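1. Provided below for reference: sequence and predicted model.
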Amino acid sequence: MAELHARAQRFTIKTAIRYREVGGTHWFEGTTENISRSGVLFHADHVLELNTALQMRFRLPPSMSADSSGQIHCQGSVMRAAPTDEARLIAIAASIRSYRFARGHLET
């Protein structure tokens, strides 16, 4: 019998996110909808192909982070992309394979 894995708890967090293909030079912007330990769902106007490896950066709200000057840097890949009800926006679901907390301002 296959072992069932519980889905990671999702937290509704609306914050700015920057993302790009691994090795890319241009950052794109979006807004997160929810975040879990294993992934992030965000809305953006630049879509990436499924399975594209990407880097993401965002801040957690002060209620979830002791250091409001820091940001989360993570790497993952695009798992799903679908149009949203909002004009020109795409909902992108990305896995999070690794992450680290970085102090300081949002880097470019």
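-> Thanks, I have the structure now.

2. any idea how far Thr15 is from Leu48?
-> Distance of Leu48 to Thr15, computed by CB to CB, to the nearest Å: 20 Å. From N, CA and C alone the C-beta is placed, and that goes for glycine too.

3. repeat for Ala94
-> Taking CB to CB, one finds Ala94 at 15 Å from Thr15.

4. try His43
-> Distance from His43 to Thr15, by CB to CB: 12 Å.

5. again, but for Arg37
-> Distance from Arg37 to Thr15, counting by CB to CB: 16 Å.

6. looking at these two, which is more packed in?
-> Counted by other CB atoms under 10 Å, Arg37 and Thr15 do not tie: Thr15 has more neighbours, with 16 against 10.

7. any residues touching stretch 88-95, and which ones?
-> With contact meaning CB atoms under 8 Å, 6 or more residues apart in numbering, stretch 88-95 is reached by 19, 30, 33, 38-48, 54, 56, 76-84.

8. from these, keep the buried residues only.
-> Among the contacts of stretch 88-95, those classed as buried by neighbour count (16 or more other CB atoms under 10 Å) are 19, 30, 33, 39-44, 47-48, 54, 56, 76-78, 81.

9. just the ones of those in helices?
-> Of the buried ones among the contacts of stretch 88-95, none are assigned to helices by DSSP state H.

10. tell me where the model's unsure across the protein.
-> Across the chain, the ranges flagged by pLDDT under 70 are 1-6, 62-69, 104-108.
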